[in-house]
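Q: Sequence and predicted model, in that order:
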Amino acid sequence: MPTTDTAVSPGSTGSSGSGFASASVPRHLARGAVGFGALIAAFALLPVFGPLSLLLAPVGLVALRGCPMCWAIGLAETVSRGRLRRECTDGRCELKPASR
């Protein structure tokens, strides 16, 4: 049975995504700046503030939604949202540009 996933428009929340994408690219980049900044600061400030600075690490992980790789996957999903569509025919799936 041939199936076609519909393209997800930039403002909607489609169920076909894996959940890593943000509502917009600037919002996703801001989350990355907060997340990576907090992780870097947690270890860079260790000599100054001691173990207290490690309290920034969970803040960074929450901002990155678990891990830096998850953030990178989300960035790719956010950028491609609404631009690609998966079409499956006879057990073979392909990514194609979404028709607008």
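A: Noted; the coordinates are in hand.
Q: low-confidence ranges in this protein?
A: Along the chain, the model assigns pLDDT under 70 to residues 1-18, 82, 99-100.
Q: Quick test: name the residue nearest the centre of the chain.
A: With distances taken as C-alpha atoms, centre = their mean, G74 lies nearest the centre of the chain, 1.6 Å away.
Q: show me what contacts the residue nearest to that residue when sequence neighbours are not counted?
A: Spatial nearest neighbour of G74, excluding adjacent residues (C-beta to C-beta, 6 or more residues apart in numbering): F20 at 3.3 Å. The C-beta positions use only the backbone N, C-alpha and C, and glycine is treated the same way. Residues near F20 by C-beta atoms under 8 Å, 6 or more residues apart in numbering: R65, C70, W71, I73, G74, E77.
Q: F49 versus F20, what's the distance?
A: Taking C-beta to C-beta, to the nearest Å as the measure, F20 falls 32 Å from F49.
Q: what do you get for A42?
A: From A42 over to F49 the distance is 10 Å, taken as C-beta to C-beta.
Q: So those two - more neighbours on which side?
A: Comparing A42 with F49 by other C-beta atoms under 10 Å, the one with more neighbours is A42, at 20 against 13.
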